[in-house]
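Student: What follows is a predicted protein model with its sequence.
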Amino acid sequence: MHPAASTSELRFALALAALALLAACGPSPDRVEQLHVFGTLAELRLRDAPPGQAQASLAEIAALLNQREREWHAWQDSDLTRINAAFARGEAVEAPDSVVALLRRSQPLSEASDGLFDPAIGGLVGAWGFHTSSFPIMTPVPSDSQLQAWREQRPRITEVRVDGRMLSTPNPRTQLDFDAVAEGAAAEEVLAILRRHGIRHALVNLGGDVVALAPAGAAPWQVSLRDPFGGVLGSVALGDAEALFTSGNYNKFRQSAAGARQPHILDPRTARPARGTAAVVVLHADPVLADAAASALFVAGPSGFEAMARRLGLGCALMVTDENELLVTMAMKARLTLLRDPVPLGPPLDLGPACVAGPAR
């Protein structure tokens, strides 16, 4: 998330003005609203929605997303930066309900991913320079001694204690950064708002991560996949209550003077940017799981793709390696239309016919 909190009220006012203009235009198959939230462009596409219901739902969504920016921002003034400052002082701290909920969702997912997804590594993210809105980053990298010190005292989200709304941790290096799961959690709330207002046919795109609603009998939404090597890789058919989440090396990255690219997704085991992966796509019914899983698979890399997908109960996932090789599950391949063919890194993996199972218990 890279919002500018000082402009959130202006964004909200502009959103309402645009919404009023949409409602005045009369009936149309799709109503499209765009908002700048979480440092990216969110687009909501409502199909065959009555104007009153569309206006009410979109206004509520705009207010919600701006509130989540103020609560979840990892480096500008927010509830999360206040919590992180208390952790650094060794103090317990009260958190808003939304942060407590994110923490409770993240802890079992981190455990299921063997710590490859871990929102407690915000200090490491900052040390690598990724707490910024300006990319690519070309500042000096952390020293080997700094990274070694971090590894020796590595914080873990599973160590954070929750007592009602009070949070505490035994490790002052714990710095929460929910970037790898915030859009999934926000998407879940957006779908709940749409359903509450009677909206049954919609596509919600939060910076390239997509969730869908579709009534029975409706054609699936066709969602494009960005190619990490440029252009469009292909498309996936998305049905009702399905989420498509991605992680890639193409938006937020470091770049050396020689042009070498390092992704913003960090491997907690090495304290360095993950290697070997160019992009990951996960399709699932749970947006929070899909979001976290995309990051965990990216860190796992080509050699760990199958094992991590099995750990997380993923039936539908794919990876494009930084050597332009493709790893894909059978269930994802059945939903996928490719516009180009990366080199297959083995046959499609049979991880089950469903896309929605979730982590093994």
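Tutor: Looks like it arrived, so ask away.

Student: Where do the helices of the stretch 51-200 of the chain begin and end?
Tutor: 51-72, 79-88, 97-112, 122-127, 144-152, 182-196 (DSSP state H, counting those that start in this stretch).

Student: got TSV for those, with mean pLDDT and distance to residue 221 too?
Tutor: Where you see a C-beta, it was placed from the backbone N, CA and C, and this is true even at glycine. Output for the helices of the stretch 51-200 of the chain, formatted as TSV (pLDDT from 0 to 100; distance: least, Cβ to Cβ, whole Å):
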stretch	mean pLDDT	distance to residue 221
helix 51-72	95	17
helix 79-88	98	32
helix 97-112	98	25
helix 122-127	97	32
helix 144-152	97	42
helix 182-196	97	13
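
Student: Format those helices as CSV; extra columns: mean neighbour count.
Tutor: Rendered in CSV, the data for these read as follows (neighbours: other Cβ atoms under 10 Å):
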stretch, mean neighbour count
helix 51-72, 20
helix 79-88, 19
helix 97-112, 19
helix 122-127, 21
helix 144-152, 13
helix 182-196, 21
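
Student: Mind putting those into TSV with distance to residue 276?
Tutor: Converted to TSV, the helices of the stretch 51-200 of the chain look like this (distance: least, Cβ to Cβ, whole Å):
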stretch	distance to residue 276
helix 51-72	29
helix 79-88	30
helix 97-112	21
helix 122-127	19
helix 144-152	19
helix 182-196	24
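
Student: Residue 277 is nearest to which of the ones you listed?
Tutor: Nearest to residue 277, of all those, is helix 122-127, at 17.3 Å by Cβ to Cβ.

Student: Output that closest one as PDB - backbone C-alpha positions only.
Tutor: Provided in PDB are the C-alpha atoms of helix 122-127 (Å, rounded to 0.1, in the frame of the first residue of the first chain):
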ATOM      1  CA  GLY A 122       8.300  -4.700   7.700                       C
ATOM      2  CA  GLY A 123      11.600  -3.500   9.100                       C
ATOM      3  CA  LEU A 124      13.400  -5.600   6.500                       C
ATOM      4  CA  VAL A 125      11.200  -4.200   3.700                       C
ATOM      5  CA  GLY A 126      12.100  -0.700   4.800                       C
ATOM      6  CA  ALA A 127      15.800  -1.500   5.000                       C
END
